[in-house]
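Engineer: With the input below, show me the fold.
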Amino acid sequence: MVVMDYSESPTSNSRVHVVSVFDDKPTYSCAKCSAVIALQDELISKSFSGRDGRGFLLHSAVNVKLGRKEDRPLLTGVHTVQDVFCMGCNDRIGWFYYKAADNSQKYKEGKYLLEREKLVKENKWALDG
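Structural biologist: From the prediction side, this is the model:
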């Protein structure tokens with residue numbers, strides 16, 4: 001997994017670090033630059049809210065870098081989160097749940113909330129022919 005912590009500069013040039021993985025598996029890719037972000041198998045839930053609409057909760061992500069930790073009031077309470085940026089284009093695509101204050105929200109810790117509008121679903125279907 002490629003996750004880089006760029007607490008000081010989330011906008012630094014990281015295009016050279018983008019890796020290609022999961023050649024024949026269904027993935028989610030960045031809608032802006034097509035960098036692979038996650039396997040579809042990593043999806044936990046589609047029933048989350050992001051900043052700009054619906055969001056997906058995922059176990060893991062690749063080709064992303066993390067911003068600074070900050071306490072952010074969300075719909076389910078205050079969480080310590082880090083913004084998640086695509087390594088291919090530096091677009092902010094969601095956030096990483098670092099810590100949850102409420103015990104009922106602890107299951108989110110270490111997970112990614114990625115904005116649905118920032119992702120493209122790549123099914124990798126093969127046509128017989």
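
Engineer: Report all helices and strands that the host helix or strand of Q82 contacts.
Structural biologist: Secondary-structure element containing Q82, defined by DSSP states H and E: strand 77-86. If you count contacts as 3 or more Cβ pairs under 8 Å, 6 or more residues apart in numbering; DSSP states H and E, strand 77-86 packs onto strand 64-74, strand 92-100. Placement of C-beta: from N, CA and C, glycine included.

Engineer: looking at those strands, which is buried most?
Structural biologist: strand 92-100 (a mean of 21; mean count of other Cβ atoms under 10 Å).

Engineer: which helices and strands does it pack with?
Structural biologist: strand 64-74, strand 77-86, strand 112-115.

Engineer: run the last query once more with 10 Å
Structural biologist: With contacts defined as 3 or more Cβ pairs under 10 Å, 6 or more residues apart in numbering; DSSP states H and E, strand 92-100 has these neighbours: strand 43-50, strand 53-58, strand 64-74, strand 77-86, strand 112-115.

Engineer: I'd like those strands as CSV, with mean pLDDT and distance to K25 appended.
Structural biologist: Output for the helices and strands packed on strand 92-100, formatted as CSV (pLDDT from 0 to 100; distance: least, Cβ to Cβ, whole Å):
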stretch, mean pLDDT, distance to K25
strand 43-50, 93, 13
strand 53-58, 94, 14
strand 64-74, 96, 18
strand 77-86, 96, 19
strand 112-115, 97, 17
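
Engineer: For Y98, find the nearest of the ones you listed.
Structural biologist: Within the helices and strands packed on strand 92-100, the stretch nearest Y98 is strand 77-86; the backing value is 4.5 Å (Cβ to Cβ).

Engineer: Which residue comes closest to the most centrally placed residue in the chain once chain neighbours are left out?
Structural biologist: Centroid check for the chain by Cα atoms, centre = their mean gives L114 as the closest residue, at 4.3 Å. Leaving aside its sequence neighbours, L114 sits nearest to G94 (Cβ to Cβ, 6 or more residues apart in numbering; 3.9 Å).
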